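**Student:** Okay, sequence plus prediction incoming.
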Amino acid sequence: MPTGPLLLTPEVAEQVAAEDPADLTNSCYVIAQDAPGATGGQLVVVDLHPERVGRCYLTAWDSFGLVGEMPVVALPMAELLGWLLCLRGDNPMDHLPDLGDAYDALPGSPD
């Protein structure tokens with residue numbers, strides 16, 4: 001499911017999409033959620049934007065779309081399962097890989 005309407009509300013997600021179509025929040029989709037149906041908790045989202053396709057981020061309702069608050073947990077989506085298995089039920093924030101933030105420039109990009 002698209003992450004924006006879930007965490008930002010459908011109205012805010014629609015506004016962001018209209019005002020800034022390139023915004024990262026427009027291309028994220030929920031892959032895993034620690035408390036499905038709850039308003040809190042952590043989510044793993046995958047970015048499907050063509051320039052970032054497959055990058056997976058850890059986020060929550062209060063950090064989605066905030067620069068410096070969405071750590072990258074897997075670069076190709078195939079690495080995601082390995083990371084999730086390594087958690088063994090532990091808090092994901094205690095086992096973050098050193099892959100940067102969702103808003104960091106991609107390797108080789110001019111930013």
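**Tutor:** In hand now; what should we look at? In this text the structure is predicted, and so the values were computed from the model without any measurement. Numbering: from 1, shown residues only.

**Student:** where does this protein have low pLDDT?
**Tutor:** Applying pLDDT under 70 to the chain picks out residues 36-39, 106-111.

**Student:** center of this structure - which residue?
**Tutor:** residue 57 (3.3 Å; C-alpha atoms, centre = their mean).

**Student:** And the one helix or strand it maps to, how far out from the chain middle?
**Tutor:** Here residue 57 sits within strand 56-60, counting by DSSP states H and E. If you compare the mean C-alpha spot of strand 56-60 with that of the full chain, they lie 3 Å apart, counting by C-alpha atoms, centre = their mean, to the nearest Å.

**Student:** same thing with stretch 72-90?
**Tutor:** Centroid displacement of stretch 72-90 relative to its chain, using C-alpha atoms, centre = their mean, is 13 Å.

**Student:** And it, what's buried?
**Tutor:** For stretch 72-90, the neighbour count (16 or more other C-beta atoms under 10 Å) marks 72-75, 80, 83-84 as buried. The way it works is simple: take the backbone N, C-alpha and C, and place the C-beta from them, glycine included.

**Student:** and if you look at stretch 44-57?
**Tutor:** Taking 16+ other C-beta under 10 Å as the neighbour-count basis, stretch 44-57 is seen to contain the buried residues 44-47, 52, 55-57.
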